[in-house]
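Trainee: Below: sequence and its predicted model.
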Amino acid sequence: MTALLDGFNRAHTYLRISVTDRCNLRCAYCMPAEGIVYREKKELLTFEEIERVAAIMVRLGVTKIRLTGGEPMVRRGIENLVKKLSRLDGLKTLAMTTNATLLSEQAGILKENGIKALNISLDTLKKERFLQVTRRDQFDQVWSGIQSALSQNFDELKLNVVVMAGFNDDEILPFVDFAFQNRINVRFIEFMPFKDNEWKIDKVVTYKEMIETIEKQYKLSALSADQSAVGKDFALFDGNGKKGLGTVSFITSMSDSFCSTCNRLRLTADGSVKSCLFYPAEVNLRDRMRAGAEDAEVEEMIRYSLSLKPEAHAPAEELSQSENRTMIEIGG
Ligand SMILES: C[S@@+](CC[C@H](N)C(=O)[O-])C[C@H]1O[C@@H](n2cnc3c(N)ncnc32)[C@H](O)[C@@H]1O
């Protein structure tokens, strides 16, 4: 087996699988206000097809898989896919990213079936703002989903917060308080441009600006991370030197991109391999698989997708003009 190397010698060990392009929220920064045209069911990969691609990728060196979407928990039977994937020989971590609207009842079964790492997305601690950004009145459901996740002791539990100037940048400290009081990693994500997502450079709050805000109240102490980690991770100490239960991280795609150590590949819900989040090139596996392609041909197509991966993505303002798909269609 030759590792999944791209043209710049980066080995790919992390696969993000979007299981659906549907979502029960309508976050303005993720999808256009008028919505997207959802794929028909037959256009989506079946669970068997997802398992097949995942098994090929794990044979080629992938050790971590994240299920995402759209909202992965709206795909019926997702817990069965979790169980199947968790049994792949060689896979070390099975993870999921969810908006937690459906989590309160299901956190236990996800853990039992093999999810080790769970990322929950929440951009505000205020109910009215939640409605404003997601266009859905589901804050209470999300909050109880987070409480269930906290009680399940996942190996890793993270809270993703997309920080947008003038919207939620006044909530950075309340989110850090939450990290201080709970065993959770709060990850502040710099706002990224995608098709029709109301992105403007002046809505981006850089991680350096966030750190300045946090250091008014807390001391941050850098934690070492593995080479391909996308976050800059910190332990927290309050004014009395007491260490927080949780940690904070910054995902700095806009102000300090981490392309040189990128180890990620994406599989879209409609079966395309995408080797860079911000580069439009995709290689569709679904149609060839349905036409009877052998594993060797699927592998070759995956390697071809890797050969298209650019060394680094374009600067932020250029990205906002690019013909990429929306975030909800790509899978976050
Ligand atoms: C697209 S969502 C899909 C999974 C799931 N529905 C959820 O809400 O977590 C995955 C992640 O992408 C993040 N995201 C979406 N659009 C983004 C943007 N424009 N900039 C930064 N992060 C974004 C979301 O906040 C979320 O944490």
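Mentor: That came through fine. Quantities reported herein were computed from a predicted structural model and do not represent experimental measurements. Numbers count the residues shown, from 1 in each chain.

Trainee: In contact with the closest residue to L319 other than its chain neighbours, which residues are there?
Mentor: Once flanking residues are discounted, L319 sits nearest to P193: 4.9 Å by CB to CB, 6 or more residues apart in numbering. Placement of C-beta: from N, CA and C, glycine included. Contacts for P193 were tallied using CB atoms under 8 Å, 6 or more residues apart in numbering; they are 199, 316-317, 319-320.

Trainee: pLDDT check: weakest of those?
Mentor: Within these, S320 has the lowest pLDDT, namely 77.

Trainee: That one contacts W199, doesn't it?
Mentor: Yes - under the criterion of CB atoms under 8 Å, S320 makes contact with W199 at 5.3 Å.

Trainee: Excluding covalently adjacent residues, which one is nearest to whatever residue of the chain ends up closest to the ligand?
Mentor: Going by CB to the nearest ligand atom, the ligand is nearest to G332 of the chain, at 2.4 Å. In this structure, G332 finds its nearest non-sequential neighbour in T68, 5.4 Å apart by CB to CB, 6+ apart.

Trainee: I figured that neighbour hits D21, correct?
Mentor: No - taking contacts as CB under 8 Å, T68 lies outside contact range of D21: 10.9 Å.

Trainee: Show me whatever sits in contact with both of these two.
Mentor: Joint contacts of T68 and D21 (CB under 8 Å, 6+ apart) are G331.

Trainee: hang on, the earlier thing: can you tell me which of the contacts of P193 is nearest G292?
Mentor: L319 (37.5 Å; CB to CB).

Trainee: Contact partners for that closest one?
Mentor: Going by CB under 8 Å, 6+ apart, the list of residues near L319 reads 192-193, 278, 313.

Trainee: Now the buried members of the residues you listed.
Mentor: If you count burial by 16 or more other CB atoms under 10 Å, the buried members of these come out as 192-193, 278, 313.

Trainee: quick one on the thing from earlier: the contacts of L319: which ones sit near the ligand?
Mentor: By CB under 6 Å from any ligand atom, the members of the contacts of L319 lying near the ligand are M192.

Trainee: Filter the contacts of L319 down to the ones in helices?
Mentor: The members of those all map outside helices under DSSP state H.

Trainee: and the contacts of L319 as CSV, adding pLDDT?
Mentor: Listed next are the contacts of L319 as CSV, based on pLDDT from 0 to 100:
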residue, pLDDT
M192, 93
P193, 91
F278, 88
H313, 88
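
Trainee: Enumerate the residues of the stretch 201-332 of the chain near the ligand.
Mentor: Counting by CB under 6 Å from any ligand atom, the residues of the stretch 201-332 of the chain near the ligand are 327-328, 332.

Trainee: Flag whichever of these scores worst on pLDDT.
Mentor: The member of those with the lowest pLDDT is G332, at 75.

Trainee: For that one, list the residues it contacts.
Mentor: 30, 68-69, 97, 121.

Trainee: Repeat that for E317.
Mentor: 193, 201.

Trainee: Quickly find the element holding it.
Mentor: Per DSSP states H and E: E317 is located in helix 316-319.

Trainee: from the chain's centre, how far out does that helix sit?
Mentor: 20 Å (CA atoms, centre = their mean, to the nearest Å).

Trainee: Which residues does the helix or strand following that helix contact?
Mentor: Beyond helix 316-319 on the C-terminal side, the first helix or strand identified by DSSP H and E is helix 327-330. Contacting residues not belonging to helix 327-330 are listed as 18, 21, 23, 29-31, 36, 69-70, 192, 194, 197, 266, 268, 274, 277, 324 [CB under 8 Å, 6+ apart].

Trainee: those strands in the protein, which residues are they?
Mentor: Assigned by DSSP state E, the chain shows strands spanning 14-18, 64-68, 93-98, 117-121, 156-163, 185-190, 219-222, 231-237, 243-251, 264-267, 272-274, 283-284.

Trainee: Quick one: mean pLDDT for the shortest one?
Mentor: What strand 283-284 shows for mean pLDDT is 97.

Trainee: which secondary structure elements does that strand contact?
Mentor: If contacts are counted by 3 or more CB pairs under 8 Å, 6 or more residues apart in numbering; DSSP states H and E, strand 283-284 sits against strand 272-274, helix 295-307.

Trainee: Using the neighbour-count criterion, name the buried positions in the longest one.
Mentor: Going by neighbour count (16+ other CB under 10 Å), the buried part of helix 295-307 is 298-299, 301-303, 305-306.

Trainee: With that, I have no additional questions.
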